[in-house]
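Give me a 3D structure for the following:
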Amino acid sequence: MALRLLRGDLAEICGTLLWVTQQGVCNSLQVKLIQAARSFDRGHQDVTRGQLEAFLAELDAQHGAQPGKHVSDNAYWLLRVNAEYLLSRM
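Next comes the predicted model:
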């Protein structure tokens, strides 16, 4: 399932690559993807869509050059493009 791949990307970004600089942000993004995967497995596409949109909203909020932003450009674009692709296929 594509959501598993996105979760794997996030794990790599937060782990080995350290493209997200705060563990709390990683945890919050991961929870959103876990919830989306559970909703998808239950056949609740509308709920899954909402959870992916919440994931994208947090990604947007945590990205940027300003102080207090914790998502690098590389992480942002990798995750955003893949999450948007998933949304487009629902």
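
My guess is residue 45 contacts residue 89. True?
No: taking contacts as CB atoms under 8 Å, residue 45 lies outside contact range of residue 89: 10.5 Å. Every residue, glycine included, has its C-beta placed from N, CA and C.

So if I had to pick from these two, which one is more boxed in?
It is residue 45, of residue 45 and residue 89, that has more neighbours when counted by other CB atoms under 10 Å, with 11 against 7.

For that one, which non-adjacent residue is closest in space?
residue 90 (5.5 Å; CB to CB, 6 or more residues apart in numbering).

and that neighbour, how many neighbours does it have?
Neighbour tally, residue 90, other CB under 10 Å: 10.

Next up, the contacts around it.
45, 48, 49 (CB atoms under 8 Å, 6 or more residues apart in numbering).

where's the last one, which helix or strand?
Residue 49 is located in helix 45-61, with elements delineated by DSSP states H and E.

Just the mean pLDDT for that helix, thanks.
The average pLDDT within helix 45-61 is 97.

Counting neighbours, show which residues of the helix or strand following it come out buried.
Using DSSP H and E, the next helix or strand after helix 45-61 towards the C-terminus is helix 73-88. For helix 73-88, the neighbour count (16 or more other CB atoms under 10 Å) marks 75, 76, 78, 79, 80, 82, 83, 86 as buried.

Next one: the fourth one from residue 44, what distance?
The one in question is residue 79. 22 Å (CB to CB, to the nearest Å).

What of the first one?
Distance check for residue 75 against residue 44: by CB to CB, it reads 27 Å.

Ramachandran coordinates for the residue lying farthest from the centre of the chain?
Ranked by distance from the centre of the chain (CA atoms, centre = their mean), the top residue is residue 67, with 20.8 Å. Phi and psi for residue 67, reported as degrees, to the nearest 10, are phi -60, psi 140.

where does this structure dip in pLDDT?
1 (pLDDT under 70).
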